[in-house]
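**Q** my questions are about this predicted structure, shown below with the sequence.
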Amino acid sequence: MLDPVSRVRRFNRAVTSAVGALDTSFLGRGRPLGAARVLNAIGHGRADVAEIRDYLGLDSGLMSRLLRSLEDEGLVETTAHADDARRRVARLTRTGRREFAAYEALSNTQAEDFLAQHSQREALLAAMDLIASALTRERVTLEEMDPRSGQARYCLGEYYAELGRRFKQGFDVSLSRDPDAKDMRRPRGTFIVAMSDALPIGCVGLKGTDYGYAEIKRLWVAPAARGLRLGRRLMEAAEDAARELGITLLRLDTNSALPEAGQLYRTTGWREIPRFNDDPYPDLFFEKGI
């Protein structure tokens, strides 16, 4: 059996080499990876310097040096925050925006070329998703979104597809009690999406009703992000939102073909109750006072 530590270190060396982490001119643009990553973060809408530093995991000294180098090149301008002079915000200059666009095009081409060389593209992407989720677990954010948004619709589509694979009879959303979008928007409810570096990796809905309780709906976590307690985080966020809305009783339904869901509910204070709806798919029903 190969030594696990050696396998991890081999992987680390391979990634360091492949991404050009040690190059003095990342992607041939004349500056190292660190400066390019700061430029990328600003280009993608991050402005608060402290937030950029935390996002990239940099210490204050290195962040200051990288910003100064970008300012010296005329790519970035920093100013005091409008509401707090102790904070600084950064923005790209016109030249900086052109440089950001050049990096984006080169990075996309590099990724496309890399994938084109591999015969098992989907397996490779799945492995990358798994590793990225494990490495960025502390940076996953939970964001309330319109359930009709692109990120929410992606999660729901993946959720329905998984039910179709796991239920013996398949899954047809038109036969299910699919909640109306308006019932999962404040003030009746909410829809929460787990985001990992701008990509959706999980969701949960809080559906308002007129029956004295609200329902937890559509809890889903991407396969690559399972085992990171993200499902528990999503449930806690939905319960917190319910309390904010003055909701004191929650219900949900699930199917015994999803044993991990039942285990989560049983270990987080939910109790089994009799059937409370006519949805043809669930066979387990739970309730929780909050």
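**A** On my side now, so go ahead.
**Q** ranges for the strands of the stretch 1-150 of the chain?
**A** 76-80, 88-92, 141-144 (DSSP state E, counting those that start in this stretch).
**Q** give me the helices and strands touching the last one, please.
**A** When you say that, I think you mean strand 141-144. strand 190-196, helix 230-244 (3 or more Cβ pairs under 8 Å, 6 or more residues apart in numbering; DSSP states H and E). Glycine gets a C-beta too; all of them are placed from N, C-alpha and C.
**Q** ok, back up a step: nearest to residue 174, out of the strands of the stretch 1-150 of the chain?
**A** strand 141-144 (26.7 Å; Cβ to Cβ).
**Q** give me the mean pLDDT for that closest one.
**A** Averaged across strand 141-144, pLDDT comes to 98.
**Q** partners of that strand in the sheet?
**A** Under the criterion DSSP bridges, strand 141-144 sits next to strand 190-196 (antiparallel) in its sheet.
**Q** coming back round to it: so of the helices and strands packed on strand 141-144, which one's packed in deepest?
**A** When the helices and strands packed on strand 141-144 are scored by mean count of other Cβ atoms under 10 Å, the highest mean neighbour count falls to strand 190-196 (a mean of 24).
**Q** read off the pLDDT value for the residue nearest the centre of the chain.
**A** Centroid-nearest residue in the chain: residue 195, 1.9 Å away (criterion: Cα atoms, centre = their mean). Here the pLDDT value assigned to residue 195 is 97.
**Q** list the contacts of it.
**A** When contacts are counted by Cβ atoms under 8 Å, 6 or more residues apart in numbering, residue 195 touches 140, 141, 142, 143, 151, 201.
**Q** just the buried residues of those residues.
**A** 140, 142, 151, 201 (16 or more other Cβ atoms under 10 Å).
**Q** ok, these vs residue 12, which is closest?
**A** Nearest to residue 12 among the buried ones among the contacts of residue 195, with distances taken as Cβ to Cβ, is residue 140, at 22.0 Å.
**Q** isn't the closest one up against residue 229?
**A** No - counting by Cβ atoms under 8 Å, residue 140 does not reach residue 229; the two are 10.2 Å apart.
**Q** against which helices or strands is the top helix by length along the chain packed?
**A** The single longest helix within the chain, with elements called by DSSP state H, is helix 94-116. Counting contacts by 3+ Cβ pairs under 8 Å, 6+ apart, helix 94-116 packs against helix 33-43, helix 121-135.
**Q** what are the phi and psi values for residue 198?
**A** phi 80, psi 0 (degrees, to the nearest 10).
**Q** check contacts around it.
**A** When contacts are counted by Cβ under 8 Å, 6+ apart, residue 198 touches residue 44.
**Q** tell me the spacing between it and residue 165.
**A** 27 Å (Cβ to Cβ, to the nearest Å).
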